[in-house]
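Q: Sharing a sequence plus its predicted fold:
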Amino acid sequence: MRYAVLGGGKRLRPLQVYATAHALGHDEAALDAAACAVELIHAYSLVHDDLPAMDDDALRRGRPTCHIVFGEAMAILAGDALQALAFGILAAPGAAPDPVTGMRMLQALGRACGAEGMAGGQALDLAAVGERLSLAELERMHACKTGALIRASVQLGALAAGADEATLATLDRYAAAVGLAFQVRDDILDVEGESAVIGKTAGKDAAADKPTFPSIIGLDASQARLAELTATALDAIAPLGPGGGLLAELARYAAQRQR
């Protein structure tokens, strides 16, 4: 579990929790439980995603994947335990400002993990190997597999900060665009990146005959879609003014990152 969580990584999802609350004038120190919970969920998803029955990868964050080091059975158990730990942390006393908000936060994280989120997206991903998806089908798949947890991260920060429903909707538009932009950039890096830089096996999606943005619409159109999504995200948070500066930085980072 420690190997999976503490072995590097971008920490984008917990940063989104903090940045969202910061944009709404909330004390970041009160968000540690939510930030830890989303990172634990992300780490568990990577452990399971790398398994031979899933994406079958031997490299993650520049190191051998969890199942390569500890074996498949122990990697599965570590992922299971990380998921349970995430919900335990988020359900602990003081993790939310009040019980009702705490329940909403737990529900948001649960949706992001389950059939409507990462698990459902992974199922669509496995079923799509060797298939020719439309752009809409590809975006739906990644909105679940990658985007759902990013959206939940923003929602957790907003709920903890006491955001009203209109603000939650505004922030969700931002998060949906950032989540999809993150995946478009990931697909571009799979084509252009080097394994030593991106920390995982470059060119693996093409080798596995998986549908990606470059394989469906081409590299130039993928770059254009990335720019469009980033603009959508920035436009969504424009009403927040200077307070949304950290969110804007994270949106640009998701689109420009090199790993």
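A: Structure received.
Q: Now the terminal residues of stretch 22-31, how far apart.
A: In stretch 22-31, first residue to last residue: 10 Å (C-alpha to C-alpha, to the nearest Å).
Q: I should have written stretch 107-124 there, sorry.
A: End-to-end distance for stretch 107-124, by C-alpha to C-alpha: 22 Å.
Q: which parts of it are buried?
A: Residues 108-109, 111-113, 117-122, 124 are the ones in stretch 107-124 that count as buried (16 or more other C-beta atoms under 10 Å). C-beta here means a position set from N, CA and C on the backbone, and glycine is covered the same way.
Q: same question for that stretch, mean pLDDT?
A: For stretch 107-124, mean pLDDT rounds to 95.
Q: likewise stretch 141-157?
A: Mean predicted lDDT for stretch 141-157 stands at 96.
Q: ditto for stretch 189-200
A: 66.
Q: next one: stretch 37-48
A: For stretch 37-48, mean pLDDT is 97.
Q: Output it as PDB, restricted to C-alpha atoms.
A: What follows is stretch 37-48, C-alpha atoms only, in PDB (Å, rounded to 0.1, in the frame of the first residue of the first chain):
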ATOM      1  CA  ALA A  37      -9.200  10.100   0.200                       C
ATOM      2  CA  VAL A  38      -9.100  10.900  -3.500                       C
ATOM      3  CA  GLU A  39      -5.400  10.200  -3.800                       C
ATOM      4  CA  LEU A  40      -5.900   6.800  -2.100                       C
ATOM      5  CA  ILE A  41      -8.600   6.000  -4.600                       C
ATOM      6  CA  HIS A  42      -6.400   7.100  -7.500                       C
ATOM      7  CA  ALA A  43      -3.500   5.000  -6.200                       C
ATOM      8  CA  TYR A  44      -5.800   1.900  -5.800                       C
ATOM      9  CA  SER A  45      -7.100   2.400  -9.400                       C
ATOM     10  CA  LEU A  46      -3.500   2.500 -10.800                       C
ATOM     11  CA  VAL A  47      -2.600  -0.700  -9.000                       C
ATOM     12  CA  HIS A  48      -5.600  -2.500 -10.400                       C
END
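Q: Please flag which of the buried residues of stretch 107-124 sit within helices.
A: 108-109, 111-113, 118-122, 124 (DSSP state H).
Q: export the residues you listed to JSON lines and tack on distance to residue 242?
A: JSON lines is the format used below for these (distance: C-beta to C-beta, whole Å):
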{"residue": "108", "distance to residue 242": "27"}
{"residue": "109", "distance to residue 242": "29"}
{"residue": "111", "distance to residue 242": "31"}
{"residue": "112", "distance to residue 242": "29"}
{"residue": "113", "distance to residue 242": "34"}
{"residue": "118", "distance to residue 242": "33"}
{"residue": "119", "distance to residue 242": "38"}
{"residue": "120", "distance to residue 242": "37"}
{"residue": "121", "distance to residue 242": "34"}
{"residue": "122", "distance to residue 242": "38"}
{"residue": "124", "distance to residue 242": "39"}
